[in-house]
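Q: How does the following fold in three dimensions:
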Amino acid sequence: MALAYDAVGPSGGGGTFTNATNVISWTHTVGAGVTNGIIIIAAQCDVAGSGFTMSATCTSGSVASLGLISASGQTSSPTVSFVQMWIVTGVSTGANTVQVTASTQPTDLGGGSVSFSGYSSDGTLATASSTSTTANATVSSTTNANGNTVIAATGAGLTITAASSPSVSRVLNNGAGGGGDDMGNIAIATWPSTGSALTTNWAQAASCGVLAIELQGAGVSVGPALNQGLLPNFPAVITSGAGWRGAGHSR
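A: Coordinates of the predicted model:
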């Protein structure tokens, strides 16, 4: 089964944002025909100090963190603004409530989600970061088969422009504009896997962090070839002319 894009949450691709609380939540509706479905959640936590963590929940499926990156390159225990990504497997079709919670109220908190059908596995997470200029992550190896797709999220301190072709912008929220600390804005986009290394192509010239990973489809399973030598030698059945009696048979 090939991997296929399904939907974004919240619908419309505008994501969600707050600068007044430590919780954001939204509805992500998974399509009725989705099988082996997943939801990818991404959120940015814009902070001016250390000690912040984020967690994510979904009303169906199992949620696991894929990783995080701060603007200064930290992948754990960040001391500055960071972006994080989670995968939800075994999701149910229909409306799912997604929630991201920061351990303490940050300056800004924003996120969104993307769902897919036909998921089988994923690759190795790639990261990039900068405290002052553009950064993009490179997935070192991709496979051009089964609808495989690279999904990436970026958090940035200045307004993010949608990634250019061949990417498809899925979520774009510039809630903080240019008023964030090291982040405050978030974008999620997808790229078709090329069969070689793939680099994201956002052009934000600001402090930022980027996460990217390949999502892989299951492909098509083909059964083993029949061994003709083991097949019984049945007589042919005549279905034309006078039929069974016309073949010289009688009761």
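Q: number of nearby residues for G209?
A: Residues lying near G209 (other C-beta atoms under 10 Å) number 32. From N, CA and C alone the C-beta is placed, and that goes for glycine too.
Q: Run through the residues that contact the residue lying closest to A64 once chain neighbours are set aside.
A: Distances taken as C-beta to C-beta, 6 or more residues apart in numbering put I87 closest to A64, at 5.7 Å, once the chain neighbours are dropped. By C-beta atoms under 8 Å, 6 or more residues apart in numbering, the contact set of I87 is I38, I39, I40, I41, V63, A64, L66, D122.
Q: top of those by neighbour count?
A: In the contacts of I87, the most neighbours by other C-beta under 10 Å go to I41, 29 neighbours.
Q: Show me the beta-bridge partners of that residue.
A: When bridges are called by DSSP bridges, I41 pairs up with W86, S113.
Q: buried ones in stretch 124-142?
A: Within stretch 124-142, the residues scored as buried using 16 or more other C-beta atoms under 10 Å are 125-131, 134-137, 139, 142.
Q: from those residues, which has minimum pLDDT?
A: Lowest pLDDT among these: T134, with 82.
Q: isn't it right next to S207, touching?
A: No - taking C-beta atoms under 8 Å as the definition, T134 is not a contact partner of S207, at 10.3 Å.
Q: Identify the residue nearest Q99 in space, chain neighbours excluded?
A: Q99 sits nearest to S25 (C-beta to C-beta, 6+ apart), 4.0 Å away.
Q: The one you found is in contact with T97, isn't it?
A: Yes - counting by C-beta under 8 Å, S25 touches T97, with 6.1 Å between them.
Q: Next, the contact list for A197, please.
A: T138, V139, S140, S141, T142.
Q: again with G112
A: G112 neighbours (C-beta under 8 Å, 6+ apart): 8-10, 13-16, 26, 41-43, 170-171, 173, 186, 188.
Q: Please convert the buried members of the residues you listed into PyMOL selection syntax.
A: Selection of buried members from those for PyMOL, criterion 16+ other C-beta under 10 Å:
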select buried, resi 8+9+10+13+15+16+26+41+42+43+170+171+173+186+188
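Q: for stretch 207-227, what is the average pLDDT?
A: Per-residue pLDDT over stretch 207-227 has a mean of 74.
Q: what about stretch 86-94, how long is it end to end?
A: 20 Å (C-alpha to C-alpha, to the nearest Å).
Q: Filter the buried residues of stretch 124-142 down to the ones in strands?
A: A126, T127, A128, S129, S130, V139 (DSSP state E).
Q: So which residue is dead centre in the protein?
A: Centrality entry for the chain: nearest residue to the mean C-alpha point is I40, 4.1 Å, by C-alpha atoms, centre = their mean.
Q: wouldn't that residue be in contact with G111 here?
A: No - using C-beta under 8 Å, I40 makes no contact with G111, being 10.8 Å away.
Q: quick one: the strands in the stretch 151-251 of the chain?
A: Per DSSP state E, counting those that start in this stretch, the stretch 151-251 of the chain carries strands over the ranges 168-173, 185-192, 198-199, 208-217.
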